[in-house]
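> Below is the sequence, then the predicted model.
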Amino acid sequence: MNGSSYINQGENIMAEFIAPRGAQRIHAPRLHIAARVNELQRSLSRTTHGIRHRAPRERTNAKLLVLVPSHNEEESIGDVLNALLNQTRPADRIVVICDNCTDRTEEIASRYRGVTVMRTINNKERKVGALNQAWYRYQAGYDYVLGMDADTVLDRECIGQLEAELSETARPGGVMARYTFDQNLGLTAPARMLIRLQRLEFAGWTADALRRNRKTYVLGGQTSLFSNHALRAVADNNQTKGPWDTSTQVEDMQLTGDFKAMGLTTNVSTTARAYAGPMLGMRALWAQRRKWDEGMARLLAKSAPNKWVLTLWRSQFGMASNAITRIGFLFLLFAALLAHNWIWNPLWLIPPAVAMILNLKLAWRVPNRTWKDLLTGVLLVPVELYLVFRIACTAASWVYVLAGIKRDGWAQQAAAESGKSNGVGKVVATMALIALASVGTVVGWIYVPRNIQHEVLVYGWATLAIVTIAQTALMVTRIIRPAHGLRP
């Protein structure tokens, strides 16, 4: 819809809104009409501002398709489309895929000139099915396909930078933008802290990927640009109508694995920036990470060993070692106290001190950092609690996979984000199980013979010290490692 259409609609609605009291009304009550007028005025203002401040457009012979799968994204889709329409490298087609929407996502997207709105047909595969349907329908004739979430806002040069990098890549599969989060989206102190921790986590992950010659084991679905030739090759190889695998909850990771299997390159961009939608509550974050972790665990359980799969296993082993050191330290501490065999050694202060320095370095490199980001890294406690939370997500996911329990991660995340999940009950139940296990361990330890207690403590502390030294050495390596000007 163009600007004149907005003005005409606004005049019609205003004429009706200010009609004499006795005049007949054929629309909604006054308050609803006033809200619609305000919304139309804001839309007109955004459109006018975009036209006036539009950056110079970059010309390219390649054709680029953007796919935006959306399910009830009325709060964010406007900002997403404004950012897409104001790119220095304009997309040749933008498709908003409305998948079983029950809100005003389709209505809002339809107002934007140059945006194609598509409804999915009998889609039961959620985001993955929506992507496949749209790709199958629109991909012909395009050189590149940008897949992005409907709550991700792109920097205005993002598409052009992604295309420039992918066009210069040998055997291109895809390139992923560098993700961060807008701190201003947090309206409460807990939400702002949660965003801050997610910013720190993603900065650390991206920095590690950039260090590995930009290689990534997952082209995140938040914003990634793909070679359409590579997508067609995956679809042909899998004999499916789309390149995204509908049997997994981590379709972006599976697609990256398919690229790797064909010898294609998957990189993290050194320049392109995207602001992903953060999780603003613990329930939503738990559901999101459970979906990711469980999807990765199921992928690993069925995958044959190869270089890419070993990279995924390394991340799991890293999480397991973090769990071992923390659980091991707490167990040995209380066991030593109960056995009256606790001897304090100041050397145990070294690992936390090194961790604080590493967190401070990462916080310093967080995009648009503030002093609160730096303080969070130095305090260590929030970061440590966040790590424990991530360990719990990973452990719970593996328990479900090994037990053969299947769950709909997409539905769980949607329910959590809307506040409908039974998050409190699950947390209480989990805490009760941990408490019972802890009490049972303490009671059992009390009745263990003294000589066995001594042996457990001696070998336990020695093992813990070796693992902790190795972890500390890795942290020191990350601290002194040069960044070569690459920022996460």
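Nice, thanks for sending it over.
> how much space is there between Pro346 and Pro352?
12 Å (CB to CB, to the nearest Å). (Each C-beta comes from the backbone N, C-alpha and C, glycine too.)
> neighbour count winner among these two?
Pro352 (12 against 6; other CB atoms under 10 Å).
> quick one: buried residues of the strand or helix carrying the more buried one?
Assessed by DSSP states H and E, Pro352 sits inside helix 350-365. Within helix 350-365, the residues that count as buried by 16 or more other CB atoms under 10 Å are 351, 354-363, 365.
> Now render these as JSON lines, adding pLDDT.
Conversion of the buried residues of helix 350-365 to JSON lines gives the following (pLDDT from 0 to 100):
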{"residue": "Pro351", "pLDDT": "94"}
{"residue": "Val354", "pLDDT": "95"}
{"residue": "Ala355", "pLDDT": "95"}
{"residue": "Met356", "pLDDT": "95"}
{"residue": "Ile357", "pLDDT": "95"}
{"residue": "Leu358", "pLDDT": "94"}
{"residue": "Asn359", "pLDDT": "94"}
{"residue": "Leu360", "pLDDT": "94"}
{"residue": "Lys361", "pLDDT": "93"}
{"residue": "Leu362", "pLDDT": "93"}
{"residue": "Ala363", "pLDDT": "94"}
{"residue": "Arg365", "pLDDT": "92"}
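> Dump the residues you listed to CSV, plus distance to Pro172.
Converted to CSV, these look like this (distance: CB to CB, whole Å):
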residue, distance to Pro172
Pro351, 41
Val354, 39
Ala355, 37
Met356, 40
Ile357, 38
Leu358, 33
Asn359, 35
Leu360, 36
Lys361, 32
Leu362, 29
Ala363, 33
Arg365, 27
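> hmm, which two among the residues you listed are most spread apart?
Pro351 and Arg365 (21.6 Å; CB to CB).
> which sections of the stretch 351-488 of the chain are below the confidence cut-off?
418-428, 431 (pLDDT under 70).
> The stretch 151-300 of the chain too?
Within the stretch 151-300 of the chain, no range satisfies pLDDT under 70.
> Do a quick rundown of the strands in it.
Remark: strands assigned in the stretch 151-300 of the chain by DSSP state E, counting those that start in this stretch are 153-154, 172-181, 223-227, 265-276.
> Name the residues contacting each of Pro346 and Pro352.
Taking CB atoms under 8 Å, 6 or more residues apart in numbering as the contact definition, Pro346 and Pro352 share no neighbouring residue.
> re the thing from before, next one: the helix holding Pro352 to chain centre, how far?
Here helix 350-365 is found 23 Å from its chain centre; the criterion is CA atoms, centre = their mean, to the nearest Å.
> now for that helix, which elements pack on it?
Under the contact criterion of 3 or more CB pairs under 8 Å, 6 or more residues apart in numbering; DSSP states H and E, helix 350-365 touches helix 189-211, helix 371-379, helix 381-403, helix 450-480.
> Of the ones you listed, flag the one that's most buried.
helix 189-211 (a mean of 20; mean count of other CB atoms under 10 Å).
> what comes into contact with that helix?
178-183, 185-186, 215-216, 268, 270, 276, 278-282, 285, 359, 362-363, 365-367, 372-373, 376-377, 382-383, 386, 478, 481, 483, 486, 488.
> let's see it at 6 Å
The set of residues external to helix 189-211 that reach it, using CB atoms under 6 Å, 6 or more residues apart in numbering, is 178-181, 183, 186, 216, 268, 278, 280, 362-363, 365-366, 373, 376, 386, 486, 488.
> Could you do stretch 253-269 as well?
Contacts to stretch 253-269, defined as CB under 6 Å, 6+ apart, come from residues 162, 165, 169, 171-178, 209-210, 214, 216, 218-219, 230, 234, 244-245, 248, 308.
> Provide the count of other residues in contact range of Ala320.
Ala320: 14 neighbours (other CB under 10 Å).
> and it, which of the three is it?
Classification of Ala320 by DSSP: H, G, I helix; E, B strand; the rest coil places it in helix.
> ok, the buried residues of helix 350-365 vs Val456, which is closest?
Pro351 (21.8 Å).
> So that closest one sits against Leu474, correct?
No. Between Pro351 and Leu474 there is no contact under CB atoms under 6 Å: 10.9 Å.
> can you pull the buried residues of stretch 253-272?
For stretch 253-272, burial by neighbour count (16+ other CB under 10 Å) applies to 253-260, 264-269, 271-272.
> hmm, back to that, please name whichever of the helices and strands packed on helix 350-365 is nearest to Asn341.
Among the helices and strands packed on helix 350-365, helix 450-480 comes nearest to Asn341, with 5.9 Å by CB to CB.
> Helix 350-365 and the closest one, what's the angle between them?
30 degrees (axes from the mean of the first three to the mean of the last three CA atoms, to 10 degrees).
> I'd like the distance from helix 450-480 to the chain centre, please.
When distances are taken as CA atoms, centre = their mean, helix 450-480 is centred 33 Å away from the chain's centroid.
> looking at the helices and strands packed on helix 350-365, which is closest to Leu81?
Checked against CB to CB, the stretch from the helices and strands packed on helix 350-365 lying closest is helix 189-211, at 22.8 Å.
> how's this protein carved up into domains?
3-49, 54-279, 311-480 (automatic domain parsing).
> Give the rounded mean pLDDT of the first one.
Read that as domain 3-49. Domain 3-49 shows a mean pLDDT of 46.
> Also stretch 88-102?
96.
> who's in contact with that stretch?
Contacts of stretch 88-102 (CB under 6 Å, 6+ apart): 55, 57-58, 63-72, 84, 105-106, 109, 115-120, 123, 130, 134, 138, 156-157, 159-160.
> Just the buried ones from these?
Buried, going by 16+ other CB under 10 Å: 64-72, 84, 105-106, 109, 115-118, 120, 123, 130, 134, 138, 156-157, 159-160, out of the contacts of stretch 88-102.
> Run through the bridge partners of Leu65.
Beta-bridge pairing for Leu65 (DSSP bridges): Arg93, Val145.
> and it, how far is that from Ala140?
For Leu65, the distance to Ala140 - CB to CB - is 10 Å.
> again with Glu165
25 Å.
> So these two - more neighbours on which side?
Glu165 (19 against 10).
> Might you report the residue contacts of the more buried one?
Contacts of Glu165 by CB under 6 Å, 6+ apart are 175, 269.
> can you tell me which of the buried ones among the contacts of stretch 88-102 are in helices?
84, 105-106, 109, 130, 134, 138, 159-160 (DSSP state H).
> ok, these vs Val458, which is closest?
Among these, and counting by CB to CB, the member closest to Val458 is Ala130, at 57.7 Å.
> Am I right that that closest one is in contact with Met118?
No. Ala130 lies out of contact with Met118 (CB under 6 Å); the separation is 8.7 Å.
> Off-centre distance for stretch 373-389?
Worked out by CA atoms, centre = their mean, stretch 373-389 lies 19 Å from the chain centre.
> now do the same end-to-end measure for that stretch.
19 Å (CA to CA, to the nearest Å).
> Who are the packing partners of the host helix or strand of Gln316?
If you go by DSSP H and E, Gln316 is part of helix 307-338. Applying 3 or more CB pairs under 6 Å, 6 or more residues apart in numbering; DSSP states H and E, we find helix 307-338 packed against helix 450-480.
> Could you tell me the angle between the helix it packs on and helix 307-338?
Using the same axes, to 10 degrees: helix 450-480 against helix 307-338 is 130 degrees.
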